[in-house]
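Starting from these lines, generate the structure:
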Amino acid sequence: MDNSVDTITAISTPVGFGGIGIVKLSGDSAVSIADSLFKSKSGKKLSVSNSHKVFYGHLIEPSSGNVMDEVIITVMKAPKTYTCEDIVEINCHSGTVVLKQVLETVVKAGARMAEPGEFTKRAYLNGRIDLTQAEAISNLINSRTKTAARVALAQIGGRLSEKIKDIQSQLLTIHAELEAAVDFSDEDIEAADVGIIKTRVSDIAAEINRLLETKRLGKVVTAGLSTAIIGRANVGKSSLLNTLIDDDRSIVTSLPGTTRDVIETVMDIGGIPIKLCDTAGIRIPGDEAEAAGVALSKKTALEADLVLFVLDGSMLVSEEDKQIISQVVQGRAIVVINKSDLPQKIDLEEISIQNVIKKVSTSSINGDGIEELKRSIKEYATFGSNIEDDVIIANVRHEYQLEQALESLREMERAIEEGYSEEILTESLKMASKSLGDIVGATSYDDLLDEIFSKFCIGK
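The predicted structure follows:
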């Protein structure tokens, strides 16, 4: 069957016990299939109704004539729908039995089960959205903070697409000027000034590079900032974690070595998802289990995006503190001088840490310094960028294609410097434009689409 016209169906709400569950259909037969199962209270057929109307009635099992559920059906006819096809949404009572029965009956009536992301894939194939907008829909569904959701919504709204298309338009103008110089070289047409063109290409390359510089921020907004809380035993790492998240997530005792495994939790700091990892105290282990915990602590610290190195401010710097610094703390670290509520004995002049981001004094008892620590974490995560205003690259595929486009433009700059002909220069422009086109889906391939949409949930 031709996938561009057949009718697909899926449960579009989480399966479980709840008030409402939705079974969605999209395709040429969506309305007729629903009509064959639905008995409206008004007696009106869905097929003769206007678009974007809601109907109340019962869903009937055709072979037995039994009522399956009391439902509300929404009819949305092409082209003004999510997929640009006829769409029907059956709103029934949520529950595994009810939803499964409705879905099976719809399939028996002529629909087929949708593949993951197929509704959105159809929206893309039918020209309603481009590829960046389709991918942003998945990002929106998986957002873990309001900021991540806003970034995804901006991309759905076309901010990235507009930026890419603007750059493509600039490349097209330069391409046309070079082509004119080649095609009408014998005519009385002024040759393209390659010096000016090189400047324009350099400006475009700089614009692409600025986009690429947002990739780290994009990763943090979507995937979160991995943050390891490390230090020797009993400096207050677990207490600090509990205070940061305002919950008793880690066990706290006066005995050193309470934490043996890495305890992970995610918190929202200023719209950024921060994955906090409370680690075992790094010291000479007393048994095999603690040795495994210490090894895991070191590994977690080395792999983390950010390290919170916790020191006990009420004690002198120990040899264990110095060993931790030499092994895992250099760079990307915020030094947390904990237990500021106690008399301070620590002398930070005794230790030397390269590239320390900041030093913050905190108390897990009275909360002193906790807000300052949160601000420091956010500042590191965002580099002080205004997330609301920036077009952010939050997708590895987009990053790769931008890097390819940038490299093509760099090759063009080198070709201009070396005096190559206009024909050679236009090839670099074509490659750059193609790479940008691949971002929005101007040139797409079936295997690429399958890879992208396979990551969506079924029903979207």
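
How about the contacts made by the residue nearest the centre of the chain?
In the chain, the residue lying closest to the centroid (Cα atoms, centre = their mean) is Thr222, at 3.7 Å. By Cβ atoms under 8 Å, 6 or more residues apart in numbering, the residues touching Thr222 are Asn139, Asn142, Ser143, Ala148, Val151, Ala394. Every residue, glycine included, has its C-beta placed from N, CA and C.

Next up, the contacts around the first one.
To tie it back to what came earlier, the one meant is Asn139. Asn139 makes contact with Ala148, Val151, Ala152, Gln155, Thr222, Ala394, Asn395 under the criterion Cβ under 8 Å, 6+ apart.

those helices in the stretch 101-250 of the chain, which residues are they?
Secondary structure of the stretch 101-250 of the chain (DSSP state H, counting those that start in this stretch): helices located at 118-125, 131-141, 146-156, 159-183, 194-212, 215-223, 237-245.

May I see these organised as a markdown table, with mean pLDDT added?
Conversion of the helices of the stretch 101-250 of the chain to a markdown table gives the following (pLDDT from 0 to 100):
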| stretch | mean pLDDT |
| --- | --- |
| helix 118-125 | 93 |
| helix 131-141 | 89 |
| helix 146-156 | 86 |
| helix 159-183 | 85 |
| helix 194-212 | 92 |
| helix 215-223 | 86 |
| helix 237-245 | 88 |
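
okay, these in TSV with distance to Arg410 next?
Listed next are the helices of the stretch 101-250 of the chain as TSV, based on distance: least, Cβ to Cβ, whole Å:
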stretch	distance to Arg410
helix 118-125	31
helix 131-141	24
helix 146-156	27
helix 159-183	14
helix 194-212	7
helix 215-223	18
helix 237-245	44
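
Count the residues that sit near Gly419.
Burial of Gly419 is recorded as 8 neighbouring residues (other Cβ atoms under 10 Å).

Just the local confidence number for it, please.
Gly419 is assigned 85 on the pLDDT scale.

Would you mind measuring from it to Val310?
60 Å (Cβ to Cβ, to the nearest Å).

cool, and Lys44?
Counting by Cβ to Cβ, the gap from Lys44 to Val310 is 68 Å.

how many neighbours does the closest residue to Arg332 other than its chain neighbours have?
Excluding the flanking residues, the one nearest Arg332 by Cβ to Cβ, 6 or more residues apart in numbering is Leu306, at 5.7 Å. Leu306 has 21 neighbouring residues, counting by other Cβ under 10 Å.

got the contact list for Leu306?
Contacts of Leu306 (Cβ under 8 Å, 6+ apart): Leu225, Ser226, Thr227, Ala228, Arg332, Ala333, Ile334, Ile357, Ile377, Tyr380, Ala381.

backbone phi and psi for it, please?
Per-residue torsions, Leu306: phi -140, psi 140 (degrees, to the nearest 10).

That one pairs with what?
Thr227 (DSSP bridges).

got it, and Asp69?
Beta-bridge pairing for Asp69 (DSSP bridges): Leu59.

wait, doesn't it sit right on Leu59?
Yes: in this structure, Asp69 is within contact of Leu59 by Cβ atoms under 8 Å, at 5.2 Å.

Please identify every residue contacting each of those two.
Residues touching both Asp69 and Leu59 by Cβ under 8 Å, 6+ apart: Cys92, Val102.

need the helix or strand of this protein with the lowest average pLDDT.
The weakest-scoring helix or strand in the chain, judged by mean pLDDT, DSSP states H and E, is helix 446-453 (a mean of 70).

circling back to that earlier point, so between Asp69 and Leu59, which is more surrounded?
Using other Cβ under 10 Å, the more surrounded residue of Asp69 and Leu59 is Leu59, with 23 against 18.

Quick check: the more buried one touching Val67?
Yes: if you go by Cβ under 8 Å, Leu59 and Val67 touch, sitting 7.2 Å apart.

Please give the element, helix or strand, for Lys80.
Using DSSP states H and E, Lys80 is not contained in any helix or strand.

residues contacting it?
By Cβ under 8 Å, 6+ apart, the neighbours of Lys80 are Ser51, His52.

how about 10 Å then?
Neighbour list for Lys80: Ser51, His52, Ile87, Arg128 [criterion: Cβ atoms under 10 Å, 6 or more residues apart in numbering].

tell me the contacts of the last one?
Read that as Arg128. Pro79, Lys80, Thr81, Tyr82, Thr83, Cys84, Glu85, Thr120, Arg122, Ala134.

Please name the nearest non-neighbouring residue to Ile346.
Leaving aside its sequence neighbours, Ile346 sits nearest to Gly313 (Cβ to Cβ, 6+ apart; 4.8 Å).

number of nearby residues for that neighbour?
By other Cβ under 10 Å, the residues close to Gly313 number 22.

Which strands or helices does the helix or strand containing Ile424 pack on?
If you go by DSSP H and E, Ile424 is part of helix 422-440. Judged by 3 or more Cβ pairs under 10 Å, 6 or more residues apart in numbering; DSSP states H and E, the packing partners of helix 422-440 are helix 131-141, helix 159-183, helix 194-212, helix 396-417.

Return the most buried member of those.
Neighbour counts (mean count of other Cβ atoms under 10 Å) averaged over each of those peak at helix 131-141, with a mean of 21.
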